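K.L.:
Predicted structure and sequence below. I'll ask about it afterward.
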Amino acid sequence: MDEIPVIHQYHASDRAELFDFIREVQPADVSARMIAQWRWKFEDNPFTSPERPATDIIRIGAKLVGLMAGFRVKLWLGGIECFAEDRGAWMVHPDYRGQYLWRQVMPLPPLDTPIRMGWSKLPLRVHQKVKWLSDPVRPLVRVLNAGALAAHFAHLPGVISIGAAASAAARLAAAPFRAKPDPAVIRLDSFDDRVDALWERARPANHAMVIRDRRYLNWRYCQRPDATYLLFGVERASKLDGFLVARVTDRGGLRWGYLVDFIAADNSRDLAPLIRAALEEFRRQQVAAVLSYATAPAARAALFRRGFFPAPQHKPIRFVRFFHRGRTDLAQFTAISSWHLTMGDGDLEMS
Ligand SMILES: CC(C)(COP(=O)(O)OP(=O)(O)OC[C@H]1O[C@@H](n2cnc3c(N)ncnc32)[C@H](O)[C@@H]1OP(=O)(O)O)[C@@H](O)C(=O)NCCC(=O)NCCS
């Protein structure tokens, strides 16, 4: 029998067989979530072309034994725009693991989509072997109901350091800082063309970031089939000066709030009222703790001022990325310090 692994581009005609593969490989809750998201995430993504999907499968003979699923996003790298493949789901059938199947067959990304990126819980050595860059990114936490959180984490090591950090952060957040009254923070149903104008004003001159345009944002936060987001905006006259996307979710018996995504034309002025409005809504919805990821210094400063602190983590999630060597113009954006990331980038928050 032919035992040579062969890579194929995914097509919609593979879908039914692929869903059976996912059900066989993953626990029931994970496979149900992947299948519920599949078309939205991997097929109807606005930037994934049906001719060249960012999803590949491996077959050995006729049998489907591997999947690497992704979607395309548009990136801004200090003035250069290009596509990236967000490769979130990597799977090998249990009978075929430990054979480095993907290393044998995975081609380089094409020059017009020169970056592959994603989030991973696997150790650094796994990424280094395939020449992916890999850096831990730690979540920021804000405690709203310390009692509920302490009861939840009582059995875990690290709870003492969470408690100490939380009290210090809460003291900071309680300090008076409101120099001016807040601008009007409104709730949005979706993103209109004002957000394109906001992106032009807010995009970072010298950093890398997923482009927040109307097409991307409406797909990401208004069309997702298995989650609902809260959209907040700062409005002045008819202009949108900033937005924040939040989500409430119940996990492991605890109610969590996520500050998923945010940009503002003037961070020092407009992030604070957006964060404050989201925290007020979280309190109304009886959220116990809030999670956010932010690497931009201005966003981190705004979160720290509202009582967020870096959460201690035994095995932090890693932001991983691969750059096509032919694109030397992108070399200055390989370092993690040049990326402005939030929880909304990639599929970190899609579970
Ligand atoms: C993760 C998975 C795809 C690995 O498949 P595989 O065929 O065993 O992987 P490979 O043979 O290509 O191994 C690649 C490297 O990853 C390491 N690795 C694989 N699974 C690992 C795990 N769960 N934890 C730590 N390292 C792991 C291997 O040891 C190997 O490292 P080495 O070069 O130092 O020997 C497979 O276990 C799987 O499908 N798991 C379920 C889905 C999943 O968890 N996906 C990962 C999402 S990031």
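P.N.:
Great, that's in hand.

K.L.:
By neighbour count, which bits of stretch 261-275 are buried? Give me those.
P.N.:
Going by neighbour count (16 or more other Cβ atoms under 10 Å), the buried part of stretch 261-275 is 261-265, 267, 270-275. Bear in mind the C-beta positions are built from the backbone N, C-alpha and C, glycine included.

K.L.:
mean confidence score for it?
P.N.:
Confidence for stretch 261-275, expressed as mean pLDDT, is 95.

K.L.:
try stretch 241-251
P.N.:
97.

K.L.:
14 is where my numbering starts, stick with that
P.N.:
With the count now opening at 14, the last piece we talked about shows up as stretch 254-264.

K.L.:
So which residues of the stretch 164-313 of the chain form helices?
P.N.:
Taking DSSP state H, counting those that start in this stretch, the helices of the stretch 164-313 of the chain run over residues 172-187, 207-215, 227-235, 280-297, 310-318.

K.L.:
relative to helix 207-215, how tilted is the third one?
P.N.:
Read it as helix 227-235. Per axes from the mean of the first three to the mean of the last three Cα atoms, to 10 degrees, the angle that helix 227-235 makes with helix 207-215 is 110 degrees.

K.L.:
one step back: ok, the buried residues of stretch 274-288 vs the ligand, which is closest?
P.N.:
Asp274 (21.9 Å; Cβ to the nearest ligand atom).

K.L.:
residues in contact with whichever residue of the stretch 164-313 of the chain sits closest to the ligand?
P.N.:
Per Cβ to the nearest ligand atom, Tyr306 is where the stretch 164-313 of the chain lies closest to the ligand, at 16.9 Å. Taking Cβ atoms under 8 Å, 6 or more residues apart in numbering, we find Tyr306 in contact with 150, 152-153, 354-356, 361.

K.L.:
Look up phi and psi at it.
P.N.:
phi -120, psi 130 (degrees, to the nearest 10).

K.L.:
Next, work out how far apart it and Val150 are.
P.N.:
6 Å (Cβ to Cβ, to the nearest Å).

K.L.:
which residues are common contacts for these two?
P.N.:
Joint contacts of Tyr306 and Val150 (Cβ under 8 Å, 6+ apart) are Leu354.

K.L.:
And the residue nearest to the residue of the stretch 164-313 of the chain closest to the ligand when sequence neighbours are not counted, what's its pLDDT?
P.N.:
Closest residue to Tyr306 apart from its sequence neighbours, by Cβ to Cβ, 6 or more residues apart in numbering: Met356 at 4.3 Å. Listed pLDDT for Met356 reads 97.

K.L.:
repeat for Arg191
P.N.:
For Arg191, the model assigns a pLDDT of 51.

K.L.:
these two touch, right, Asn231 and Ser203?
P.N.:
Yes. With contact defined as Cβ atoms under 8 Å, Asn231 reaches Ser203; the gap is 5.6 Å.

K.L.:
The two: who's more crowded?
P.N.:
Asn231 (15 against 12; other Cβ atoms under 10 Å).

K.L.:
related to what we said a few turns ago, for the residue nearest to Tyr306, which residues are in contact?
P.N.:
152, 271-274, 304-306, 362.

K.L.:
So it versus Met222, what's the distance?
P.N.:
In terms of Cβ to Cβ, Met356 sits 14 Å off from Met222.

K.L.:
ditto for Arg334
P.N.:
From Arg334 to Met222 the distance is 13 Å (Cβ to Cβ).

K.L.:
ok, now Pro120?
P.N.:
Relative to Met222, and taking Cβ to Cβ, Pro120 is found at 27 Å.

K.L.:
which one of the two has more residues nearby?
P.N.:
Taking neighbours as other Cβ under 10 Å, Pro120 and Met222 compare with Met222 leading, 23 against 7.

K.L.:
From what I see, the more buried one and Ser351 are in contact.
P.N.:
No. The criterion here is Cβ under 8 Å, and Met222 misses it with Ser351 at 9.6 Å.

K.L.:
Arg297 - how many residues pack around it?
P.N.:
Arg297 has 9 nearby residues by other Cβ under 10 Å.

K.L.:
In the contacts of Met356, find the pair that's most separated.
P.N.:
Using Cβ to Cβ, the two most remote members of these are Pro152 and Asp274, lying 14.4 Å apart.

K.L.:
My read is that Leu354 contacts Ser305, right?
P.N.:
No. Applying Cβ under 8 Å, one finds Leu354 not in contact with Ser305, separated by 10.9 Å.

K.L.:
which of these two has more neighbours?
P.N.:
Higher neighbour count among Leu354 and Ser305: Ser305, with 25 against 22, using other Cβ under 10 Å.
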